[in-house]
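Novice: coords please:
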Amino acid sequence: MSGIEKIIQEIDHNASSVCDEILHNANLKAEKIIADAQGSADKILSSEKTKTVSKLEDIAARADSAAALEEKKTILLTKQEIISLMLNNALENMKTLPDDEYFSLIEKMIIKNHSGISGQICFGMKDLGRLPDGFEEKIKDISNGSLSLSKTPVAIDSGFILVYEGIDMNCSFDAIFRSQWEDLSDKASKILF
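Specialist: Predicted structure coming up:
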């Protein structure tokens, strides 16, 4: 082997060694870059999993809260329907009391609502037709003679209207129930629930 061949061979060998070393270092750097990238990807994945789990828990908690609120609203509406039904039944029961009980209630209502001023008591057609005997005299006794019975029917189906000098006091069962609805509902709610 000649000197040039030895030099070429040594250059070739050195070049191979340098290439191998460069390739080895490049592989090490590539592995480190891949490992770092994998570590970063794992951190991102872990962080995103944590965020996703947190979001899912938040969504589930809001769904539970919304469901509980909807349940409370449904229960409240049901209670209100029950109370309304009960009060409407009570109103209908008052309207359909036997005559003696009905007019005994009317007497108590006259005593409670009469102001002592002269006026008339007016009934609906149905009640005018079923007034008990002597009821007109009871009205005069209860009011110390200041109330007279109107023979003209008014447009109510139960109770009465007191008329004082052009001022009407609606004591029909419907009007009384409407004006007392909230109080009656509260009392019924306390009793029932």
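
Novice: how about the secondary structure of Asn170?
Specialist: Under DSSP: H, G, I helix; E, B strand; the rest coil, the three-state class of Asn170 is strand.

Novice: what's the burial count for it?
Specialist: When neighbours are counted by other Cβ atoms under 10 Å, Asn170 registers 16. Just so you know, the C-beta spots here come from the backbone N, C-alpha and C atoms, and that holds for glycine as well.

Novice: how close does it sit to Ser179?
Specialist: Distance of Asn170 to Ser179, computed by Cβ to Cβ, to the nearest Å: 9 Å.

Novice: where does the protein dip in pLDDT?
Specialist: For the chain, the stretches flagged by pLDDT under 70 are 1, 15, 192-193.

Novice: at which residues are the helices of it located?
Specialist: 3-95, 99-113, 125-129, 135-142, 173-192 (DSSP state H).

Novice: list the buried ones in the fourth one?
Specialist: With burial defined by 16 or more other Cβ atoms under 10 Å, the residues of helix 135-142 counted as buried are Phe135, Lys138, Ile139, Ile142.

Novice: state the distance from Gly124 to Asp174.
Specialist: Using Cβ to Cβ, one gets 11 Å for the distance from Gly124 to Asp174.

Novice: okay, and the common contacts of these two?
Specialist: The contact sets of Gly124 and Asp174 overlap at Ile156, Asp157, Ser158 (Cβ atoms under 8 Å, 6 or more residues apart in numbering).

Novice: was I right about the last one contacting Phe177?
Specialist: Right, Ser158. No: Ser158 lies out of contact with Phe177 (Cβ atoms under 8 Å); the separation is 10.0 Å.

Novice: centroid residue for this protein?
Specialist: Of all residues in the chain, the one closest to the mean position by Cα atoms, centre = their mean is Lys73, 3.5 Å from it.

Novice: got a list of what that one touches?
Specialist: Applying Cβ under 8 Å, 6+ apart to Lys73 gives no contacts.

Novice: and Asp100, how far from Asp127?
Specialist: From Asp100 to Asp127 the distance is 14 Å (Cβ to Cβ).

Novice: out of those two, which sits in the more crowded spot?
Specialist: Each of Asp100 and Asp127 has its neighbours counted (other Cβ under 10 Å); Asp127 has more, 22 against 9.

Novice: I'm done for today, thanks for sticking with me.
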